[in-house]
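Student: quick one, what's the 3D model for this:
(chains A and B)
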2 protein chains.
Amino acid sequence: MIKTITGKHDFVESLRGKKATFMLSLSNTKTANIEGITQAGIPGMIHLTPTLDSEFLCTGEVRSLENIAETPKGVPTPALITRGVHLLSPYGRIELLDLGLEVTPKLSYFKIHHFDIKPSDNIAKGANINAQELFEKGVKFGQSYQCKDEYIILGESVPSGTTTAMATALGLGYKVDNCFSSSFKKVPNNVREKTLKLALSNIKNKNDIFDVLSKVSDNMLIFNAGLILGLNNQTPLILAGGTQMASLLLVVNKILQLMGGSIETSNLALCTTKWVAKDKNSDIETLLNLSKFSINSYYVDFDFSLTQHPALKLYDEGEAKEGVGAGGALMYAVLNGISKETITKKVEAFLE
Amino acid sequence: MIKTITGKHDFVESLRGKKATFMLSLSNTKTANIEGITQAGIPGMIHLTPTLDSEFLCTGEVRSLENIAETPKGVPTPALITRGVHLLSPYGRIELLDLGLEVTPKLSYFKIHHFDIKPSDNIAKGANINAQELFEKGVKFGQSYQCKDEYIILGESVPSGTTTAMATALGLGYKVDNCFSSSFKKVPNNVREKTLKLALSNIKNKNDIFDVLSKVSDNMLIFNAGLILGLNNQTPLILAGGTQMASLLLVVNKILQLMGGSIETSNLALCTTKWVAKDKNSDIETLLNLSKFSINSYYVDFDFSLTQHPALKLYDEGEAKEGVGAGGALMYAVLNGISKETITKKVEAFLE
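Tutor: Sure, this is the predicted structure:
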């Protein structure tokens, strides 16, 4: 039920039965305020999505708003999947990375790592990130982090994150047209293309990686690039996401090129959903093959074919595909013996 | 669903819900090349059975050959049961003991413990094992081994292992006629008896235990006798197997007699299948009662009565009974709440 995109089956098989820390990176970019750029949340309140996602993941409740984040067409957040798996086969623990949130999640007892990071600005006008400092914060965190479980699943909730991920890859000089996914079925190319064009026009020096990142990227990508290099293959790490996580690897690759360094990646993998892996409007495999290093990558052969619920059926129709680590969560479920039917029923129960 | 053969129910009950490390001991003896002596594998390629079993257990794929090890009558390897349980209620981890393999399993990430041990020779001509050195390797491994889960399930894949186990028990002076099981329904007594007679004729000094073992035994029995003594009851250990594992206890018993020592066995148990426990051609209970120490032993009341699959039905008819730790795997499934029906369906799915 777990399929290989690149690399071999062995890495993911070796994690079967093991407990993972679920780490959720949260950040806001004002890029998400551009009308029509993202479907990940409630119009006018898109900035609350990572806050609500993390509240729901940890407690089953959304506290900073009455209703759980839904898209205008009523596609519920993939946090339903991530939370559902936690109820069926609990993660060892959940930890949150506050990588620049407008609103802090209302949670007690759960570990929220704070790094004094502000939400980033709209990339159309320049993201205005201190990229080098942010990257170094990630490195430091990765170097000092002690995993209490056997591996880490790293997810993200960053509204309009696929747009900033695409801007990042393009800004760094990768050829990635038609590679990036979106929370929409019909990618809003006009809005996105206009935003990307404006973003890229802000870049002054294409060879200064950190200058590029400071203009067109987002906090999640920059911090987590540092995190990966800081962890340095010491703890097995699953990047739970689609094209955003693939773009994160491209950032790592570019920084390694800059430093003339290399990284061992035997303990690093990516796992996404079938909705991303089979998406006709994007191409994660191409993104994964652009880096100098190779990694194992997988998708979980899960869809909502067993449900009749119209809101969930929208996933199978291409609206919403990934996020809040849904791909990694599904992997965790499969590795712990949970069936497609059981997951489906648990997710359905949230919508009753 | 777990029945007691000797001892009390409490030990196995105390393991309910706990995670186990599944440790699979793998070795080849050229005894398996004697025509008609074993049903555990593909004729002419019997030596690949432990390699294929371990590949399949870890990854669900057989890599060193196209098709999964099947006996000539089409009885599929009990690794299907062991793997099926891993998919339903995963072991904490799988580790492999290379106790003399012709072909190393093609696996990445999985821990394969190597000890520089060669396959042993045909016991009819003398197994040619450095028994004392091998035993000491087992002791050393047991003394230094740190279990990362709460107990160990120790299985084996050694083609013709019941024949070498019987030779071992006879060679050590135990009265064990009609006690040993076989992968055949109709035990090939002519071939086996001839082999045993030749094997026993090689023994020069019946009182020199290590000389006896070096002539008539196999690597799995000798190494694991050391492992049991090295662990010294510190970690709960389930011997997952039938008459071979019972013979292993007889080796331990004999070595203790030689050393004038004793062993605490409160954390040591054996668990096998119903097919072994109810086998009319063998008698595991008698074997278990021959040692000076007593241990808890169990079998799992599981059969293939719920399937229509003809290849699996052969188990209930007496062809193939145990191996690759199937008895211990079934115990693990029961202790983690997995039903007979669920196990049956999972095993059936491999054969579709």
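
Student: what helix or strand is residue A:313 on?
Tutor: Using DSSP states H and E, residue A:313 sits in helix A:310-316.

Student: can I get that helix in CSV? Just the C-alpha atoms.
Tutor: The C-alpha trace of helix A:310-316 is given here as CSV (Å, rounded to 0.1, in the frame of the first residue of the first chain):
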residue,chain,number,x,y,z
PRO,A,310,-19.2,14.4,-0.9
ALA,A,311,-16.7,16.7,0.9
LEU,A,312,-14.2,13.8,1.0
LYS,A,313,-14.9,12.8,-2.6
LEU,A,314,-13.6,16.2,-3.6
TYR,A,315,-10.1,14.9,-2.7
ASP,A,316,-10.4,12.2,-5.3
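
Student: what about that helix, distance to the chain center?
Tutor: Distance of helix A:310-316 from its chain centroid, counting by CA atoms, centre = their mean, to the nearest Å, is 20 Å.

Student: and for stretch A:229-240?
Tutor: Worked out by CA atoms, centre = their mean, stretch A:229-240 lies 15 Å from the chain centre.

Student: measure that stretch end to end?
Tutor: 17 Å (CA to CA, to the nearest Å).

Student: in it, what's buried?
Tutor: Across stretch A:229-240, burial judged by 16 or more other CB atoms under 10 Å in any protein chain shown covers A:229-231, A:235-240. The C-beta positions use only the backbone N, C-alpha and C, and glycine is treated the same way.

Student: the closest residue to chain B within chain A: how many residues sit nearby?
Tutor: Proximity of chain A to chain B (CB to the nearest CB) peaks at residue A:17, 2.6 Å away. Neighbourhood size, residue A:17 [other CB atoms under 10 Å in any protein chain shown]: 22.

Student: for it, what are its contacts?
Tutor: Neighbouring residues of residue A:17 by CB atoms under 8 Å, 6 or more residues apart in numbering or on different chains: A:335-336, B:19, B:86, B:90-93.

Student: which of those fall in helices?
Tutor: A:335, B:86 (DSSP state H).

Student: what about the strands in the stretch 151-300 of chain A?
Tutor: Assigned by DSSP state E, counting those that start in this stretch, the strands in the stretch 151-300 of chain A fall at A:151-157, A:237-240, A:268-273, A:296-300.

Student: strands paired with the shortest one, and their directions?
Tutor: Just to be clear, that refers to strand A:237-240. Here strand A:237-240 is paired, per DSSP bridges, with strand A:151-157 (parallel), strand A:268-273 (parallel).

Student: as a markdown table, these with mean pLDDT would be great.
Tutor: Output for the strands paired with strand A:237-240, formatted as a markdown table (pLDDT from 0 to 100):
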| stretch | mean pLDDT |
| --- | --- |
| strand A:151-157 | 98 |
| strand A:268-273 | 98 |
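
Student: now these in TSV, with mean neighbour count?
Tutor: As requested, the strands paired with strand A:237-240 are exported to TSV (neighbours: other CB atoms under 10 Å in any protein chain shown):
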stretch	mean neighbour count
strand A:151-157	27
strand A:268-273	28
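
Student: turn these into CSV, including distance to residue A:166.
Tutor: Shown next, in CSV, are the strands paired with strand A:237-240 (distance: least, CB to CB, whole Å):
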stretch, distance to residue A:166
strand A:151-157, 15
strand A:268-273, 16
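
Student: nearest to residue A:224, out of the ones you listed?
Tutor: Checking these against residue A:224 by CB to CB gives strand A:151-157 as the closest, at 6.9 Å.

Student: got the contact list for the closest one?
Tutor: Contacting residues not belonging to strand A:151-157 are listed as A:15, A:18, A:20-27, A:40, A:49-50, A:53-54, A:79, A:82, A:91, A:220, A:224, A:227, A:231, A:235-241, A:244-245, A:323-326, A:328-329, A:331-332 [CB under 8 Å, 6+ apart].

Student: same question, stretch A:29-38
Tutor: Taking CB under 8 Å, 6+ apart as the rule, stretch A:29-38 contacts A:40-41, A:46-47, A:49, A:119-124, A:127, A:158-161, A:163-164, A:183, A:188, A:191-192, A:195, A:218-219.

Student: can you tell me which of those residues are classed as buried?
Tutor: Buried members of these, counted by 16+ other CB under 10 Å: A:40-41, A:46-47, A:49, A:119-120, A:122-124, A:127, A:158-161, A:163-164, A:183, A:188, A:192, A:195, A:218-219.

Student: might you enumerate the residues of the stretch 1-150 of chain A proximal to chain B?
Tutor: The stretch 1-150 of chain A comes close to chain B at residues A:8-11, A:13-14, A:16-18, as judged by CB under 8 Å from any CB of the partner chain.

Student: burial count for the nearest residue to residue A:278 once chain neighbours are set aside?
Tutor: Using CB to CB, 6 or more residues apart in numbering or on different chains and skipping residues adjacent in sequence, the residue nearest residue A:278 is residue A:299, 7.9 Å away. Around residue A:299 there are 24 other residues, counting by other CB under 10 Å.

Student: most centrally placed residue in chain A?
Tutor: The C-alpha lying nearest the average C-alpha coordinate of chain A belongs to residue A:156 (CA atoms, centre = their mean; 3.6 Å).

Student: excluding its backbone neighbours, what's nearest that residue?
Tutor: residue A:25 (4.6 Å).

Student: show me how far the helix or strand the one you found falls within is from its chain's centre.
Tutor: Assigned by DSSP H and E, residue A:25 belongs to strand A:20-26. Strand A:20-26 sits 10 Å away from the centroid of its parent chain (CA atoms, centre = their mean).

Student: and the angle from the lengthiest helix in chain A to strand A:296-300?
Tutor: Using DSSP H to define each element, chain A has its longest helix at helix A:243-259. Angle between the axes of helix A:243-259 and strand A:296-300 is 170 degrees (criterion: axes from the mean of the first three to the mean of the last three CA atoms, to 10 degrees).

Student: any idea of the angle helix A:243-259 forms with strand A:20-26?
Tutor: Relative orientation of helix A:243-259 and strand A:20-26, computed by the same axes, to 10 degrees: 90 degrees.

Student: residue A:62: which of the strands paired with strand A:237-240 is closest?
Tutor: Residue A:62 lies closest to strand A:151-157 among the strands paired with strand A:237-240, at 12.7 Å (CB to CB).

Student: so how far is that closest one off the chain centroid?
Tutor: In this view, strand A:151-157 has its centroid 8 Å away from the chain centroid, taken as CA atoms, centre = their mean.

Student: then stretch A:54-62?
Tutor: The answer for stretch A:54-62 is 17 Å, by CA atoms, centre = their mean.

Student: thinking residue A:130 is in contact with residue A:215, fair?
Tutor: No. With contacts counted by CB atoms under 8 Å, residue A:130 stays clear of residue A:215, the gap being 11.7 Å.

Student: just want to know which of those two has more residues nearby.
Tutor: residue A:215 (25 against 16).

Student: contacts only, for the more buried one.
Tutor: Residue A:215 touches A:123, A:126-127, A:171, A:199, A:202-203, counting by CB under 8 Å, 6+ apart.

Student: so which of those sit within helices?
Tutor: Checked against DSSP H, the contacts of residue A:215 include these in helices: A:171, A:199.

Student: for the residue nearest to residue A:156, give the beta-bridge partners.
Tutor: Here residue A:25, judged by DSSP bridges, has bridge partners residue A:97, residue A:156.

Student: so it touches residue A:97, yeah?
Tutor: Yes. Counting by CB under 8 Å, residue A:25 touches residue A:97, with 4.4 Å between them.

Student: for those two, list the residues in contact with both.
Tutor: residue A:223.

Student: ok so, going back, let's have the strands of the stretch 151-300 of chain A in a markdown table, adding distance to residue B:308.
Tutor: A markdown table is the format used below for the strands of the stretch 151-300 of chain A (distance: least, CB to CB, whole Å):
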| stretch | distance to residue B:308 |
| --- | --- |
| strand A:151-157 | 40 |
| strand A:237-240 | 39 |
| strand A:268-273 | 35 |
| strand A:296-300 | 31 |
